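# coordinates for the following, if possible.
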Amino acid sequence: MAAENAAEHGQTAGEYIVHHLTHLQSSKPAGVADLSVFNFDSLFFSISLGILGCWLLWLAARKATSGVPGRFQAAVELLVEMVDQQAKGIVHNATSRKFVAPLALTIFVWIFLLNAMDLFPVDLFPAIWAKIFGIAGADPHHAYLRVVPTADLSVTMGMSVAVLLICIYYNIKIKGAGGWIHELFTAPFGNHWALYPFNFAMQMIEFVAKTVSHGMRLFGNMYAGELIFLLIALMGGAFTLSATGIGLAIGHIIAGTAWAIFHILIITLQAFVFMMLTLVYIGQAHDHH
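The predicted structure is shown next:
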């Protein structure tokens, strides 16, 4: 289907991939990081799946019974218990956990749903959007749409910056503004005036490194997964009535199935890792040095 669409629209394999990796944007970015540009597709799917995740959790809470739980309720209860145990083991402040534990649960469910968009056929939503684009009178060949928000660096970095702001909030709440500023200049090398610049520099490097790696890890894994699905789709689109074409089609089915099954583990693991790092960073904000 992929190569057929590419051939029909006069696209090469490279142009097909570039088209699928282009966002529906408010305007063309002026550079690598242009904060004036909005990726409407990432915003739409992020908000929609966030609402869906909240609705699923609300539905589980509303239908919860004290008797024998159904499969859905049992799955949600296991998830809630797992997150709660992780939060208790990392964030020891019971008052903070009243906010942090639900936050961690929300992060896991939300990122899992965002990642799971990668399991849909790569041409499904772009083809639907191209039809809508054409009906509206626009050129369907320029109908861009990406459906995996976590493969958008602006989304993952936005999440990691939000975690940073929460960490700063708890640093100030637990230690006080004066206590946190004192820590910035006295840790990790010690409380001596000659070490203050080095301590502060190390603290800033730590905050930046944790924030960047937090967002980049999720983005890198999901971007690579999306790209592999596109390459597998091109294998299936190269089907012809020849030994090579049939071999590629069979390879497409086998590789697509294997990668999709393996990707279920990846999308779950990446949601779990992001959640755990969030708990770890917030837990560190409670520690005194």
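# ranges for the helices of this protein?
Per DSSP state H, the chain carries helices over the ranges 2-8, 13-20, 40-62, 71-90, 94-116, 124-135, 153-186, 196-237, 243-286.
# pipe those into JSON lines and attach distance to H141 and mean neighbour count per row.
Every residue, glycine included, has its C-beta placed from N, CA and C. As requested, those are exported to JSON lines (distance: least, C-beta to C-beta, whole Å; neighbours: other C-beta atoms under 10 Å):
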{"stretch": "helix 2-8", "distance to H141": "10", "mean neighbour count": "17"}
{"stretch": "helix 13-20", "distance to H141": "8", "mean neighbour count": "16"}
{"stretch": "helix 40-62", "distance to H141": "17", "mean neighbour count": "15"}
{"stretch": "helix 71-90", "distance to H141": "42", "mean neighbour count": "15"}
{"stretch": "helix 94-116", "distance to H141": "27", "mean neighbour count": "19"}
{"stretch": "helix 124-135", "distance to H141": "8", "mean neighbour count": "15"}
{"stretch": "helix 153-186", "distance to H141": "25", "mean neighbour count": "17"}
{"stretch": "helix 196-237", "distance to H141": "17", "mean neighbour count": "17"}
{"stretch": "helix 243-286", "distance to H141": "24", "mean neighbour count": "16"}
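# just so I know, which of the ones you listed lies nearest S26?
Closest to S26 of the helices of the chain is helix 40-62 (C-beta to C-beta; 6.7 Å).
# residues in contact with that closest one?
For helix 40-62, contacts defined as C-beta atoms under 8 Å, 6 or more residues apart in numbering pick out 23-26, 72-73, 76-77, 105-106, 109-110, 113-114, 117, 144-149, 152, 154-155.
# just the mean pLDDT for it, thanks.
Averaged over helix 40-62, pLDDT sits at 95.
# what's the angle from it to helix 71-90?
100 degrees (axes from the mean of the first three to the mean of the last three C-alpha atoms, to 10 degrees).
# just give me how far helix 40-62 sits from the chain centre.
14 Å (C-alpha atoms, centre = their mean, to the nearest Å).
# same thing with stretch 162-180?
25 Å.
# can you list contacts of that stretch?
93, 96, 103, 183, 207, 210-211, 214, 277-278, 281-282, 284-286, 288.
# what mean pLDDT does it have?
96.
# ok, stretch 138-153 next?
Per-residue scores along stretch 138-153 average to 92.
# so which bits of that stretch are buried?
140, 143-153 (16 or more other C-beta atoms under 10 Å).
# what is the nearest of those residues to Y223?
A151 (4.5 Å).
# how about the contacts made by the closest one?
118, 219, 222-223, 225-226.
# let's see that with 10 Å instead.
21, 23, 42, 114-115, 117-118, 218-227 (C-beta atoms under 10 Å, 6 or more residues apart in numbering).
# gap between L114 and M275?
13 Å (C-beta to C-beta, to the nearest Å).
# ok, now S27?
Computed as C-beta to C-beta, the S27 to M275 distance reads 34 Å.
# what do you get for V148?
18 Å.
# so I264 makes contact with Q270?
No. With contacts counted by C-beta atoms under 10 Å, I264 stays clear of Q270, the gap being 11.2 Å.
# joint contacts of those two?
N115.
# residues contacting V148?
41-42, 45, 114-120, 122, 155, 222-223, 225-226, 229, 267.
# let me fix that, I meant to ask about P188.
Contacts of P188 by C-beta under 10 Å, 6+ apart are 195, 198-199, 202-203, 206, 289.
# V100 too?
So V100 contacts 83, 87, 90-91, 93, 166, 170, 278-279, 282-283, 286 (C-beta under 10 Å, 6+ apart).
# got it, and A136?
A143.
# again with the one 10 residues further on
Taking C-beta under 10 Å, 6+ apart as the criterion, R146 is in contact with 20-24, 39, 41-42, 45, 117, 125-126, 152, 226.
# distance to I51 added to these, as a markdown table?
Below are the contacts of R146 laid out as a markdown table (distance: C-beta to C-beta, whole Å):
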| residue | distance to I51 |
| --- | --- |
| H20 | 25 |
| L21 | 26 |
| T22 | 26 |
| H23 | 21 |
| L24 | 19 |
| N39 | 18 |
| D41 | 16 |
| S42 | 15 |
| F45 | 11 |
| M117 | 14 |
| F125 | 18 |
| P126 | 22 |
| D152 | 18 |
| E226 | 23 |
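# what residues sit buried inside stretch 63-71?
Quick answer for stretch 63-71 (16+ other C-beta under 10 Å): P69.
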